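K.L.:
Structure of the sequence below:
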Amino acid sequence: MNSSNEHISLSQGEYQLFSDLLLRRTGMHITSRRSQEMGRHLWRVVAHESMAGLQELYEKLAQTPTESELWDQVISGLTIGETYFFRDRSQFNALRFQLLPEIIERRRSERRLRLWSAGCSSGEEPYSLAMLLTEIIPDLDRWSVSILGTDINKDSLRRARQGLYKKWSFRQVGADTVQKFFVPRDGLYELNPRIKSMVNFSYLNLSENNYPSLMTNTCAMDLILCRNVIIYLPDEQVQAMVRRFAGSLSPQGWLMVAATETDPRGFSGFATRNLGSAAVYQLRDGDEPEPRSPWEFDDCQPRRETQPVTLKVKPLPTQSAPQPEPRPPLTAGPDALSQARRMMETGRYQSARCLLEQGRGSRRATASLWLKGARRLANLGKLAEASYWCEKSLEAEPLLAEAHHCRALVALEEGDSLLAEEHLRKALYLEPNHLAGHFSLATLYRRLGLSQKAQLHGRQAIRLASSLPPEQSIPEADGLAAGRIVTMLRVLLDAA
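P.N.:
Sure thing, here's the model as predicted:
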């Protein structure tokens with residue numbers, strides 16, 4: 001292959017073919033302005049793989065899973081990895097002075113925080129969040145903090161896990177911050193181990209429907225940062241992604257995008273909040289009217305009310321209004337399980353719970369319905385309710401491996417690693433080839449720094465998943481495909 005191929009651009013037809021394929025597979029929208037850049041990179045891949053030309057590359061990409069090494073080469077050269085610590089000072093001021101304090105106060109009774117940096121590149125953003133938390137929570141050691149960083153670029157994830165950075169990553173950071181959180185090492189700067197341990201990194205393609213999910217640790221989030229990602233996506237991809245983000249957030253959760261990505265019309269399901277020079281989105285509940293902003297901002301400092309608020313109370317009527325007849329209690333008929341199933345399908349979980357607790361139907365069928373509801377509630381971020389439904393499933397059928405697995409995943413979301421490990425080990429005792437169980441235990445041990453155990457269960461999960469067709473979905477893994485599980489585990493074990 002002639003080295004001059006590196007300078008060959010794409011024809012209009014070639015650009016359209018590759019850009020459409022990239023959009024379908026990765027959600028990346030390569031604009032025509034980047035056509036020459038894309039052409040140079042694709043020809044480099046052609047040369048590296050000793051292919052005859054772009055047609056062969058296109059055919060191979062079309063026939064190869066997105067998780068393959070060939071796709072990795074294409075993705076690594078086309079994703080924008082430009083980032084640095086505390087990027088966009090106005091947004092980090094909003095996080096420091098308003099958003100994080102609001103979340104911390106709301107979570108103070110349970111001492112649990114869940115933050116997600118979606119499209120984290122080489123890790124500067126989630127690590128910045130971790131540094132920020134150490135500065136604003138004096139008793140941080142008493143909190144359960146989960147910071148997740150995800151990206152589609154596996155090379156970026158490897159660099160993020162290493163925690164080694166060049167001086168260019170600190171161009172918006174003062175020397176005191178660098179000295180506090182980093183140690184010079186061979187011309188680079190190594191991140192403080194405590195900060196490093198606060199962040200977990202995972203491979204995730206935001207264009208795919210694999211979140212919110214317990215298996216990808218993308219449920220019950222208090223805050224999602226997805227900055228400088230949306231700008232590269234077409235509108236339909238953005239709308240689908242925002243809907244999935246809404247499902248990944250806890251009630252009143254927050255979504256922050258880059259300043260250039262804010263939509264004056266807002267995002268569906270979110271209320272727009274203006275924080276001085278930064279704009280963020282807060283999750284709204286269903287069809288309720290958009291709530292009033294709890295703050296008014298001036299340079300991210302709260303403005304105090306100067307006038308007392310007077311409540312206007314309507315006078316009581318001279319004659320009390322007739323009270324509605326009390327509803328009769330919900331009773332289970334002979335098809336109680338079918339009734340409960342219908343209630344669950346329409347989101348009426350409390351009614352379904354009442355029917356299931358009356359105990360009609362086989363124990364196995366009842367346990368399965370409790371488990372189905374637990375998974376749905378957990379994916380909605382209702383962890384306390386999900387825990388209850390898991391326990392009821394195990395009460396009805398103590399030997400149900402899937403219920404132990406679900407209970408473990410909920411415990412992980414709640415920050416209880418010991419309980420999660422206990423239920424995962426029970427699931428594998430009951431079903432030694434439980435693919436999702438091995439996957440989850442490998443993930444847990446990786447978080448705990450137990451590399452040998454993570455490798456043991458990860459390799460077993462890869463062996464089980466590799467024996468299946470790559471596109472086959474695994475129900476106990478929230479429908480993740482077998483091939484996707486293999487990819488996620490290889491990325492995970494690469495750093496274990």
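K.L.:
distance between stretch 185-197 and the chain's centre?
P.N.:
Relative to the centre of its chain, stretch 185-197 is centred 25 Å away, using Cα atoms, centre = their mean, to the nearest Å.
K.L.:
Flag every buried residue along it.
P.N.:
For stretch 185-197, burial by neighbour count (16 or more other Cβ atoms under 10 Å) applies to Tyr189, Glu190, Leu191, Asn192, Ile195, Lys196. C-betas here are computed from N, CA, C, even on glycine.
K.L.:
how near is Thr150 to Arg114?
P.N.:
13 Å (Cβ to Cβ, to the nearest Å).
K.L.:
pLDDT at Gln339, what is it?
P.N.:
pLDDT for Gln339: 88.
K.L.:
Check for me that Val280 belongs to a strand.
P.N.:
Yes: when DSSP: H, G, I helix; E, B strand; the rest coil is applied, Val280 is found to be in a strand.
K.L.:
What is the neighbour count of it?
P.N.:
As a burial measure, Val280 scores 22 neighbours (other Cβ atoms under 10 Å).
K.L.:
What of Ala352?
P.N.:
Ala352: 26 neighbours (other Cβ under 10 Å).
K.L.:
my read: it touches Met343, true?
P.N.:
Yes: using Cβ atoms under 8 Å, Ala352 is in contact with Met343, at 3.8 Å.
K.L.:
any chance of the buried residues of stretch 185-197 in a markdown table, plus distance to Met215?
P.N.:
Compiled in a markdown table, these are given as follows (distance: Cβ to Cβ, whole Å):
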| residue | distance to Met215 |
| --- | --- |
| Tyr189 | 34 |
| Glu190 | 32 |
| Leu191 | 28 |
| Asn192 | 30 |
| Ile195 | 26 |
| Lys196 | 24 |
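K.L.:
Among those, which lie within helices?
P.N.:
Ile195, Lys196 (DSSP state H).
K.L.:
before we move on, the earlier item: name the residue in Thr150 and Arg114 with the higher neighbour count.
P.N.:
The neighbour comparison of Thr150 against Arg114 (other Cβ under 10 Å) goes to Arg114, with 28 against 23.
K.L.:
So for whichever strand or helix holds the more buried one, mean pLDDT?
P.N.:
Per DSSP states H and E, Arg114 falls inside strand 112-118. Over the span of strand 112-118, the pLDDT mean works out to 95.
K.L.:
and which of the buried residues of stretch 185-197 is nearest to Tyr84?
P.N.:
Tyr189 (12.2 Å; Cβ to Cβ).
K.L.:
And the residue lying closest to Met28 once chain neighbours are set aside, what's its pLDDT?
P.N.:
Nearest non-adjacent residue to Met28, counting by Cβ to Cβ, 6 or more residues apart in numbering: Leu22, 5.0 Å away. Per-residue pLDDT puts Leu22 at 86.
K.L.:
Could you do Tyr84 as well?
P.N.:
89.
K.L.:
Torsion angles phi and psi at it?
P.N.:
Note on Tyr84: backbone dihedrals following degrees, to the nearest 10 are phi -160, psi 170.
K.L.:
residue contacts, the residue nearest to it when sequence neighbours are not counted?
P.N.:
Distances taken as Cβ to Cβ, 6+ apart put Ser169 closest to Tyr84, at 4.8 Å, once the chain neighbours are dropped. The contact partners of Ser169, taken as Cβ atoms under 8 Å, 6 or more residues apart in numbering, are Thr83, Tyr84, Phe85, Ser122, Glu124, Tyr189.
K.L.:
Can you tell me which of those is closest to Ala427?
P.N.:
Ser122 (34.9 Å).
K.L.:
can you list the domain ranges for the protein.
P.N.:
With automatic domain parsing as the criterion, the domains of the chain are listed as 3-78, 89-302, 333-414, 433-496.
K.L.:
pLDDT averaged over the shortest one - what is it?
P.N.:
Spelled out, that is domain 433-496. pLDDT averaged over domain 433-496 gives 90.
K.L.:
Quick check, central residue of the protein?
P.N.:
Centroid check for the chain by Cα atoms, centre = their mean gives Thr218 as the closest residue, at 3.2 Å.
K.L.:
Phi and psi next, for the nearest residue to Ile103 once chain neighbours are set aside.
P.N.:
With sequence-adjacent residues excluded and distances taken as Cβ to Cβ, 6+ apart, Ile103 is closest to Asp222, at 4.8 Å. Dihedral pair for Asp222: phi -90, psi -30, per degrees, to the nearest 10.
K.L.:
And for Arg111?
P.N.:
Torsion angles, degrees, to the nearest 10, at Arg111: phi 50, psi 50.
K.L.:
residues near it, how many?
P.N.:
Neighbourhood size, Arg111 [other Cβ under 10 Å]: 15.
K.L.:
What of Leu42?
P.N.:
So Leu42, with other Cβ under 10 Å, has 25 neighbours.
K.L.:
Please verify my assumption that Asp151 contacts Glu124.
P.N.:
No: contact criterion Cβ under 8 Å: Asp151 and Glu124 do not qualify, at 11.8 Å.
K.L.:
Any buried residues in stretch 222-239, and which?
P.N.:
Buried residues in stretch 222-239 (16+ other Cβ under 10 Å): 222-230, 232-233, 237-238.
K.L.:
can you give me the strands for the stretch 201-350 of the chain?
P.N.:
Listed in chain order, the strands of the stretch 201-350 of the chain (DSSP state E, counting those that start in this stretch) span 221-225, 249-256, 270-275, 278-283, 297-298, 301-302.
K.L.:
Minimum distance to Ala118: which of those has it?
P.N.:
Closest among the strands of the stretch 201-350 of the chain, using Cβ to Cβ: strand 221-225, at 5.9 Å.
K.L.:
Could you list every helix and strand that that closest one packs against?
P.N.:
Secondary-structure packing of strand 221-225 (3 or more Cβ pairs under 8 Å, 6 or more residues apart in numbering; DSSP states H and E): helix 100-106, strand 112-118, helix 235-248, strand 249-256.
K.L.:
Can you check what angle separates the helix or strand hosting Ala384 from strand 249-256?
P.N.:
Element membership for Ala384, per DSSP H and E: helix 383-396. Inter-element angle recorded for helix 383-396 and strand 249-256: 140 degrees (by axes from the mean of the first three to the mean of the last three Cα atoms, to 10 degrees).
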